[in-house]
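[1] can you look at this prediction? I've put the sequence above it.
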Amino acid sequence: MVGFRVAQARKVALLDRPTYVIRDSAHSLSKTPDTLPDAVAFLRYLLRQPISPAAARTLRGRLGRLWHMQAELALAAGQLGSAWRHHLRSLSAPAGLRYLSFTRKLL
């Protein structure tokens, strides 16, 4: 949230040297399915803030990807109703039509 607010305030400077290293791994806590509902809630919170249209569009796109991920997980767990709900939400996101082919898996 702090980073988002700083970026929105346009108090960001680009440096020509690395200042930190991101160590990404397949076992990262942020990649577990349990974090998806929290990520969705956080993006919805950010979308309620006064933000630029470009930022809102980007966040809605990310929200669509999260809804699609939730749809896939729900389908894999045999939760067809939940899968449909998340899938329909993902379709409503910017560029959500990319998820249209997933519909066939739900039928």
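    The structure has been received and is ready for your questions.
[2] check the secondary structure at residue 19 for me.
    Of the three states, residue 19 takes coil under DSSP: H, G, I helix; E, B strand; the rest coil.
[3] what sits up against the lengthiest helix in the chain?
    As assigned by DSSP state H, the longest helix anywhere in the chain is helix 53-76. Residues from elsewhere that reach helix 53-76 (C-beta atoms under 8 Å, 6 or more residues apart in numbering): 8, 33, 36-37, 39-40, 43-44, 46-47, 51, 80, 82-87, 89-96, 99, 102, 105-106. For every residue, glycine as well, the C-beta is placed using N, CA and C.
[4] distance from the chain centre to that helix, please.
    4 Å (C-alpha atoms, centre = their mean, to the nearest Å).
[5] ok, and for that helix, which residues are buried?
    Buried positions in helix 53-76, judged by neighbour count with 16 or more other C-beta atoms under 10 Å: 59-60, 63-72, 74-75.
[6] would you turn these into a markdown table with distance to residue 25 and pLDDT?
    Formatted as a markdown table, those follow (distance: C-beta to C-beta, whole Å; pLDDT from 0 to 100):
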| residue | distance to residue 25 | pLDDT |
| --- | --- | --- |
| 59 | 25 | 91 |
| 60 | 28 | 94 |
| 63 | 25 | 95 |
| 64 | 25 | 95 |
| 65 | 20 | 94 |
| 66 | 20 | 94 |
| 67 | 25 | 96 |
| 68 | 23 | 96 |
| 69 | 18 | 94 |
| 70 | 22 | 95 |
| 71 | 25 | 96 |
| 72 | 21 | 96 |
| 74 | 25 | 96 |
| 75 | 26 | 97 |
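[7] quick check: the gap between residue 25 and residue 32.
    For residue 25, the distance to residue 32 equals 12 Å [C-beta to C-beta, to the nearest Å].
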